[in-house]
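K.L.:
Next come a sequence and a model predicted from it.
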Amino acid sequence: GNNASFGEMNGVDTRSVAVENIESIEVITGVPSAEYGDLNSGVVKINTRKGRTPVNVTFSVNPRTYQASVSKGIDLQEDNGVLNISAEWARAVKKIISPYESYTRSGITLGYSNTFSKVLRFEAGFTGNIGGMNSKDDPDAFSGEYEKERDNVFRGNTSLTWLLNKSWITNLKLDASVNFNDNLYHFHKYESFASNQPSVHAEQEGYFLADRLPMTYFSDQIIDSKELDFAASLKYNWHKRWDDMKSSLKAGVQWKANGNVGEGEYYQDPSLAANGYRPRPYSQYPFMHNLSVYAEEHLTLPAGKTKLEVTAGLRLENVFIKNSLYNNKTTLSPRLNAKWEIAEGLAIRGGWGITEKLPSYHILYPKQEYRDIQTYGFSHGEQTSYIYYTQPYTVTYNPELRWQRNSNSEFGIDASFGGMKLSLVGFYNVTKGPYNFLSVYEPYSYNILQRPEGFTMPSDPSIKVDSQTGMLYVRGSEDEYWTPMDVKVTDHTF
C-alpha cells in the first residue's frame, strides 16, 4: 500500500480508520500466505463489523482527545440482508499547553451483506472520512501564519462469493475495491528580509537573471496529493477430505493499479516561491499496474498418533508501467510452512519464504534537483540584481532495478498445559536489495563575472544575459552600446 506517495516509503496512515467500526484486527507474522503480496514481513488485516447489532453509542474524553460514535446493524427482514451503519467524530490536539494545532476526523461507514438463493454471498461497503490537521494563530506566536492539512479518504469495496460446493470446487470469490486518498498541505507563511533576495526557478541548464522577492510578503505553499488505487481479484477455493487427510487448495489472480492525480507541489503565486523552488505536478506520472497469480496447498496428514500440517505456495508478480524502463518486471515468491503436533499440547513449527515490496513513486520517480550558483551580483540605485548558473542534476534510471526482497525464516515451539499456552519463536529475516539512491559525481564549470575597470553601473540599467556563456551585458539607455562584464575566473570542479 501507499505506493503512489511521493514521500519516503512508510506505513499506511491509520488516522482515517474509524475505530467504532472495527470488529477485529488480525496480525499475520512469520511467512505469510502466497495470497498476500507487496509487503515486507507482515500483514495487518482490519475486519469491520457485519451482521445485526444493537445501537451502540460511545463517548470518549481525555486531556487531548474528544470522540463520539454511533453504530447499528439493521436486519432488513425477509431475506433482504443486513445493513451496517456507523458514524464517528474525533478531535485531538497536538499539545495540551497550546491547543492551537489539532486533528479532526468525521467519518461514516456503510456496509451491506446478503446471501441470495443460499449460493451467492454478496457484500458491499463504503467508507468516507473527512478530516485533517489544522493550526490557527497562536497568541504567543507570530500573527497571520497557519498550516492546514486536508486528510480525506474514500473507500469502496464489493465481493461476490459463489458457494458451489462441488467435487472439484468449493467456492469462487470475486473482489473489487477502489481507494482515494485526498491530501492537501497548505502552509501560509510570513517572510521578511532586510534586503532584496534572489529567486531562481530555472529548469534548464544555463545562466539566468534571477527574479527578486519582495522585502515582506505572505506566501502560500501547496502540496496536493491525490492517491488513487484500484484492485480486483478472483479466488478459487477447494476443500477436500479423505479419511484423516485434509486438503485445502486456493489459487487466484489479482490486479491492482496505483496512481496519483494530484496537482503536486507548487506555490499559489509562483512569483513568491522560495529561492530554488521548482513546481512538481504529480499527475504527469503514469499509473503502476501489478498483475499477480498464486497457488497454495495446505495439507493435513496423519503421522501415527501425531499430525503434520504442510503449506506450500508460489506467487508470481508482473509490474507494468507505461513508457518506463521498469515496465514488465516479473518476479517469483515461494512460501513454505510446516507444523508437527508431536504430542497433545506440544507442537513444533517452521517456515521459509520470500516476500517482495513494490517500489513507491518516491523510488520510481526521484525528485529532480538543481544546482543554483551565483556568478555575479551588483547594486544599481536601490535595487540589487543577481546572475545565477543553473545545472539540473541528471536523474539516471536503473534499468536493472530489482524489487526489494525479504527472506524470512522461522522456527517455533508451541506448548499448552494447565490452561496456559507457551510459544517460543526464533526467526531470521534478511532484506535483499533494499531501495536506495546512488550519487555519481560529474565535473562541470561556470564563469564568475566582475565589473570592468572604470565602468560605472547605471542606476536603472537594461540587462541581458547570454544563457550559454553566462556573459552579462548592461546599458543605461537605448542610445548606448551594450557593455559586457569581464570574466573574473572560470571555476572547474573535479
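P.N.:
Looks like it came in fine.
K.L.:
first vs last residue of stretch 356-375, how far apart are they?
P.N.:
By C-alpha to C-alpha, to the nearest Å, the extent of stretch 356-375 from end to end equals 48 Å.
K.L.:
chain center to it: distance?
P.N.:
A distance of 15 Å separates the centroid of the chain from that of stretch 356-375, by C-alpha atoms, centre = their mean, to the nearest Å.
K.L.:
Quick check: mean pLDDT of that stretch?
P.N.:
The average of the pLDDT scores along stretch 356-375 is 89.
K.L.:
Would you map the helices across the chain?
P.N.:
361-364 (DSSP state H).
K.L.:
Pass me the low-pLDDT residue ranges in it, would you?
P.N.:
Low-confidence segments of the chain (pLDDT under 70): 1, 8-16, 18, 20, 98-99, 136-143.
K.L.:
make it 80
P.N.:
1-2, 7-23, 40-42, 47-49, 94-100, 134-144, 324-328, 394-400, 494 (pLDDT under 80).
K.L.:
residues touching the nearest residue to Asp79 once chain neighbours are set aside, list them.
P.N.:
Among residues not flanking Asp79 along the chain, Asn114 sits closest, at 7.4 Å (C-beta to C-beta, 6 or more residues apart in numbering). Every residue, glycine included, has its C-beta placed from N, CA and C. Residues near Asn114 by C-beta atoms under 8 Å, 6 or more residues apart in numbering: Asp79, Asn80, Gly81, Val82, Arg121, Phe122.
K.L.:
now Asn114: how far from Arg280?
P.N.:
46 Å (C-beta to C-beta, to the nearest Å).
K.L.:
Ala124 too?
P.N.:
Ala124 is 37 Å from Arg280, by C-beta to C-beta.
K.L.:
residue contacts, the residue nearest to Val119 when sequence neighbours are not counted?
P.N.:
Spatially, and ignoring its direct neighbours in sequence, Val119 is nearest to Leu163 (4.8 Å; C-beta to C-beta, 6+ apart). Leu163 is in contact with Lys118, Val119, Leu120, Arg121, Thr170, Asn171, counting by C-beta under 8 Å, 6+ apart.
K.L.:
now do Gly156
P.N.:
Applying C-beta under 8 Å, 6+ apart, the residues near Gly156 are Ala124, Gly125, Phe126, Thr127, Ser177, Val178.
K.L.:
how about 7 Å then?
P.N.:
Contacts for Gly156 were tallied using C-beta atoms under 7 Å, 6 or more residues apart in numbering; they are Phe126, Ser177, Val178.
K.L.:
what is the residue nearest to Asp79 paired to in the beta sheet?
P.N.:
Per DSSP bridges, the residues bridged to Asn114 are Phe122.
K.L.:
Repeat that for Asp75.
P.N.:
Going by DSSP bridges, Asp75 forms beta bridges with Val82.
K.L.:
Just give the number of residues close to it.
P.N.:
Other residues within reach of Asp75, judged by other C-beta atoms under 10 Å, total 12.
K.L.:
any idea how far it is from Leu272?
P.N.:
Distance from Asp75 to Leu272, by C-beta to C-beta: 58 Å.
K.L.:
Could you do Tyr207 as well?
P.N.:
23 Å.
K.L.:
Which one's more surrounded, those two?
P.N.:
Tyr207 (23 against 19).
K.L.:
Distance check, that one against Phe287.
P.N.:
From Tyr207 to Phe287 the distance is 38 Å (C-beta to C-beta).
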